[in-house]
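**Student:** Below is the sequence, then the predicted model.
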Amino acid sequence: MNSKEQRIVAISAAFAVVFSVVPGVSAMHIMEGYLPVSYCLAWGALCVPFLIAGFLSLRKRVQENRRALILIAMSGAFIFVLSSLKIPSVTGSCSHMTGTGLGAILFGPSAVSILGIIVLIFQAILLAHGGLTTLGANTFSMAIAGPLLTFAVYKLCMGAKLNRKVSVFLAAFLGDLFTYCVTAFQLALAYPSEAGGVMASFVKFLGVFAPTQLPLAVIEGILTVIIIIGLESFAKPELKTIGYFGKEEAA
Amino acid sequence: MIIVDKLCYSSRLRYMNAGEKFAFAIITLLICVVSRSILCAAVILAATAILTVKIGGIPLSRYRTLMAVPLTFILLSTLAIIVNFSHTPLDAFAIPLGSIYVTGSWHGIYRAFQLIITAMAAVSCLYFLSLNTPMTDILEVLRRLRCPLLFIELMMLIYRFLFVLLEIASSITTSQRSRLGNKDLKTAYHSFSNMVSVLFVRAIKKSNALFDAMESRCYDGRIRVLNETFPPKAKEIIAIVCFEVFLLICIIGGKLLL
């Protein structure tokens, strides 16, 4: 081996070490204390309008029907449990779904914003995924941007009369990818590269997380489809109670 | 089932006033994140470890495993900060790959080190709060801080339901495993998805049953519980204030030294 080859082997070995000591791949939570304060505040402020809209829509639903509160809470717990369960994976490392994609398809993006922030608080406190200072940034990427895109894609595909399974897959898959891109962007903005600025840094963060996040997004898409098939085949009445079926289908 | 939740009930600091613990954790966290001082972060790491392990009585081995949880993220993202791709080599290291260099600067390495230690200190503050304070006490503090009632009510219900659902999920998974439900990857995906669908159906059924039960006990949209109060002690408050002042001195001292 010449020195160049040796170097390549060394780099790939270093990568292998980094990826093999990985104790568990949580979905893209930015950890506690990782972002500078100004960014924490800015992302938090960006979330406020969405959270207020979500809060008002939830309050209206609860005032109309008190049973809804319990149902909404159960949905929140469902999203948390979904995101804390290990999904089967090839390498034996453990990875998790974000769960917010399925949440957005089932409960709508406005409810998911509030449920998402609560789930993120619990994840920060109980599982140390994410954190309190980075709550704003994480809420924006995982509870607002991702679910909004998922919901938009889902509605668009359904409007275009695409097969429901295809629409669900695309929605969950793209939502997951978008969450990952937004997180990489948030990190890049806070830590621009010394050579090349924010864009170079964005590409680097994308690249570093790609090996874990790309397969995860595909898996999340596939699982969401199978879950939806399962739900439609034996949970029709329950789906109706949360208003999953559109008006034309409910009839 | 959630290890942090289990440990916090056996902490010896559990019966300390929750507001004090909350204030200590949040103020220390803010000082750590705002200052980004390495000295200050080292002090915080030591202080929270002593408080949680020595005084709180959380086993050291557990504490170590828990601190390793955010490691993935920190390793990956710090890698992205240290390593640059550029046509001109930077001062710390440079590995030529074709026409470009995989390179890094001492400044970048210093910044990454600073980031790792402050982030770990911040995580330790969070652990101090969660390993010594049960969730219900944290919710009580949020109520005092005038968080919207609906929000707190939701958090309380979700917190309760977590355990209900986790238990259902784990028993379904156990029974699937005992029937070779994970014999290969395809079956494993199917089992997982079926489990989630059943979990959803059970969740909705449970929530309906729960509402009926609560309604028959005069539920009017608000859950009131008596909470135990542990009044704050002057000694503890003074200790917290002293510690925070000490941190501020550390920051100023660190600035002067450099």
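**Tutor:** Yes, it's here.
**Student:** tell me the domain ranges of chain B?
**Tutor:** For chain B, the structural domains run B:3-143+B:230-257, B:148-216, going by automatic domain parsing.
**Student:** The last one: end-to-end distance?
**Tutor:** Read it as domain B:148-216. The first and last residues of domain B:148-216 sit 26 Å apart, counting by Cα to Cα, to the nearest Å.
**Student:** so does it get close to chain A?
**Tutor:** Yes. Applying Cβ under 8 Å from any Cβ of the partner chain, one finds domain B:148-216 touching chain A at B:148, B:150-151, B:153-155, B:157-162, B:164-166, B:169, B:182, B:185, B:188-194, B:196-201, B:203-208, B:210-211, B:214. C-beta coordinates here come from the backbone N, C-alpha and C atoms, glycine included.
**Student:** Nearest residue to the residue of the stretch 101-250 of chain B found nearest chain A in space, ignoring adjacent ones along the chain?
**Tutor:** Going by Cβ to the nearest Cβ, chain A is nearest to residue B:122 of the stretch 101-250 of chain B, at 2.5 Å. Leaving out its chain neighbours, the residue that sits closest to residue B:122 by Cβ to Cβ, 6 or more residues apart in numbering or on different chains is residue A:33, at 2.5 Å.
**Student:** Flag the shaky bits of chain B, pLDDT-wise.
**Tutor:** Flagging of chain B using pLDDT under 70 yields the residue ranges B:1, B:221, B:258.
**Student:** Please enumerate the helices of it.
**Tutor:** In chain B, the helices defined using DSSP state H lie at B:3-9, B:18-35, B:38-49, B:60-67, B:71-82, B:106-132, B:135-144, B:149-178, B:185-215, B:234-257.
**Student:** Enumerate every residue touching the residue nearest to residue B:122.
**Tutor:** A:131, A:133-134, B:29, B:32-33, B:118-123 (Cβ atoms under 8 Å, 6 or more residues apart in numbering or on different chains).
**Student:** mind putting these in TSV, distance to residue B:6 included?
**Tutor:** Shown next, in TSV, are the contacts of residue A:33 (distance: Cβ to Cβ, whole Å):
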residue	distance to residue B:6
A:131	21
A:133	26
A:134	25
B:29	23
B:32	27
B:33	28
B:118	29
B:119	25
B:120	23
B:121	25
B:122	23
B:123	19
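**Student:** Any quick ChimeraX command for the buried ones out of these?
**Tutor:** Applying 16 or more other Cβ atoms under 10 Å in any protein chain shown to the contacts of residue A:33, the buried members can be selected in ChimeraX as follows:
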select /A:131,133,134 /B:29,32,33,118,119,120,121,122,123
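**Student:** Among the contacts of residue A:33, which one lies nearest to residue A:73?
**Tutor:** The closest of the contacts of residue A:33 to residue A:73 turns out to be residue A:131 (Cβ to Cβ; 23.6 Å).
**Student:** Looking at the stretch 1-150 of chain A, what residue ends up closest to chain B?
**Tutor:** In the stretch 1-150 of chain A, no residue comes nearer to chain B than residue A:33, which is 2.5 Å away by Cβ to the nearest Cβ.
**Student:** and which of the contacts of residue A:33 is nearest to residue B:62?
**Tutor:** Among those, residue B:123 lies closest to residue B:62 (Cβ to Cβ), at 14.6 Å.
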